[in-house]
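# take this sequence and fold it.
(one chain, ligands or ions: 2)
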Amino acid sequence: MEKETIYILAIESSCDDTSAAVLQGDKVLSNVVATQKIHEQYGGVVPELASRAHQQNIVPVVHQALAEANIDKKLVSAIAFTRGPGLMGSLLVGTSFAKSMSLGLGVPLIAVNHMQAHILAHFIADEKSTPPSFPFLAMTISGGHTQIVLVKNYFDMEIIGETLDDAVGEAFDKSAKLLGLPYPGGPLIDRHAQHGNPNAFVFPKPKVAGLNFSFSGLKTSILYFLQKKTAENPDFIKTHLNDICASIQHRIVTILMDKLQKAVKETGIKEIAIGGGVSANSGIRKALMEMEATHEWRTHIPRLEYCTDNAAMIGIVGYYKFKENDFSKQTVSAKARFSI
Ligand code: KG4
Ligand code: ZN
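Residues are numbered from 1 along each chain as shown. Ligands and ions are numbered 1, 2, ... in the order given. This next block holds a predicted model:
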């Protein structure tokens, strides 16, 4: 089948975004994302509420993706879906839906690893950017993941560093919560940080061996710092919010950049690809640009809509798997823990 005539319908439901996309070859025809707002009031994703919302959203989201792509579902060549990792209840909704649809349409089923998808999102056709060349280092940073992966080829990847506890997005969100900011607080920390002094306060750097990360200690040190400061001055957070945010962001960015620099040194690879929702962070983007200028790194950041959880990235993996005839059976099951 010609590249142009391969149509992949992709479904993503691993966490709190219900998404469906249609790809023609490596080109995205539609990418619909229903973000679940219900979790905001709880300050984090509530798994049971997430699966219920996926159940409500999945039919209209798939319908909209097909309508926006303006193709008849009879043209679909295969159904790709997120098998894992993620929340079991959420994954089950997408998995069951994809299986039924593949049976109904009589087309193959393609199981996709969500973490591979964050990385292969860089290969979605886009006139504004060129994909990384192999081998490259991929750093996936979001509310659910923090990994550095050595990518040798489309399906030849090796995790060389990952978080031992919280993901970097959680570190942002939990810090924001301590400051009384609403969920998800990462973008708010970023906004305040842009008006603050990154060296106003110094938060400790975790000592973690190799290329792994740890963020739980940072959260605890911020908690103790704020308790002490607000005991002295109840208005401390209000009057120093920009400086606190800038200092927290500065520490998180230096933790990420130090490990990335270490990975570059160990592997000799200067081709860097960043993905996940936290790649929107202005401090990280600035630090990467500095490394491009001073250390000749070549960095790639996909459009934000392909960085955050979305089905287009599941579709691009589906496309590459389709070309390799890598299909799944109807007996395939969702996998909450699923390594690359
Ligand atoms: O990839 P994503 O949309 O969802 C998953 O977690 O899978 O990432 C969301 C995470 C949240 O933790 C959010 O606070 C963080 O990305 N985030 C940011 C920024 N924009 C989103 N963190 C720091 N600075 C930002 N500008
Ligand atoms: Zn993700």
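# residue 150 - that's part of a strand, no?
Yes - if the criterion is DSSP: H, G, I helix; E, B strand; the rest coil, then residue 150 is within a strand.
# look up how far residue 119 lies from it.
11 Å (Cβ to Cβ, to the nearest Å). No exception for glycine: its C-beta is placed from N, CA and C like everyone else's.
# which neighbours do the two share?
residue 157 (Cβ atoms under 8 Å, 6 or more residues apart in numbering).
# between these two, who's got more neighbours?
Between residue 150 and residue 119, counted using other Cβ atoms under 10 Å, the more crowded position is residue 119 (26 against 19).
# enumerate the residues of this protein near ligand 2.
Contact residues, the chain versus ligand 2 (Cβ under 5 Å from the ion): 142, 309.
# which positions in the chain make contact with ligand 1?
15, 142-144, 169, 172-173, 184, 186-187, 190, 276-278, 280-281, 308-309 (Cβ under 6 Å from any ligand atom).
# so how far is stretch 288-301 off the chain centroid?
Chain-centre distance of stretch 288-301: 21 Å, with Cα atoms, centre = their mean, to the nearest Å.
# oops, could you answer that again for stretch 327-339 instead?
20 Å.
# distance between the ends of that stretch?
Distance across stretch 327-339, first residue to last, is 18 Å (Cα to Cα, to the nearest Å).
# that stretch - what's its average pLDDT?
The average pLDDT within stretch 327-339 is 96.
# now do stretch 40-48
Over the span of stretch 40-48, the pLDDT mean works out to 89.
# contact partners for residue 37?
With Cβ under 8 Å, 6+ apart, residue 37 has no contacts at all.
# how far does the lowest-mean-pLDDT helix or strand in the chain sit from the chain's center?
Every helix and strand in the chain was compared by mean pLDDT, DSSP states H and E; the lowest is helix 304-307, with a mean of 94. In terms of Cα atoms, centre = their mean, the centre of helix 304-307 is set 8 Å apart from its chain centre.
# could you say which helix or strand contains residue 53?
In the assignment (DSSP states H and E), residue 53 maps to helix 47-69.
# hey, C-alpha coordinates of that helix in PDB?
Only the C-alpha atoms of helix 47-69 are listed here, as PDB (Å, rounded to 0.1, in the frame of the first residue of the first chain):
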ATOM      1  CA  PRO A  47      -8.400   7.500  38.100                       C
ATOM      2  CA  GLU A  48     -12.000   6.500  38.600                       C
ATOM      3  CA  LEU A  49     -13.300   9.800  37.300                       C
ATOM      4  CA  ALA A  50     -10.800   9.700  34.400                       C
ATOM      5  CA  SER A  51     -12.200   6.300  33.100                       C
ATOM      6  CA  ARG A  52     -15.800   7.500  33.400                       C
ATOM      7  CA  ALA A  53     -15.000  10.600  31.400                       C
ATOM      8  CA  HIS A  54     -13.200   8.600  28.700                       C
ATOM      9  CA  GLN A  55     -16.300   6.500  28.400                       C
ATOM     10  CA  GLN A  56     -18.400   9.600  27.900                       C
ATOM     11  CA  ASN A  57     -15.900  11.300  25.500                       C
ATOM     12  CA  ILE A  58     -14.600   8.500  23.300                       C
ATOM     13  CA  VAL A  59     -17.500   8.100  20.800                       C
ATOM     14  CA  PRO A  60     -17.900  11.900  20.100                       C
ATOM     15  CA  VAL A  61     -14.100  12.400  20.000                       C
ATOM     16  CA  VAL A  62     -13.600   9.600  17.400                       C
ATOM     17  CA  HIS A  63     -16.600  10.800  15.400                       C
ATOM     18  CA  GLN A  64     -15.100  14.300  15.400                       C
ATOM     19  CA  ALA A  65     -11.700  13.100  14.300                       C
ATOM     20  CA  LEU A  66     -13.200  11.300  11.300                       C
ATOM     21  CA  ALA A  67     -15.400  14.200  10.400                       C
ATOM     22  CA  GLU A  68     -12.500  16.700  10.600                       C
ATOM     23  CA  ALA A  69     -10.300  14.400   8.500                       C
END
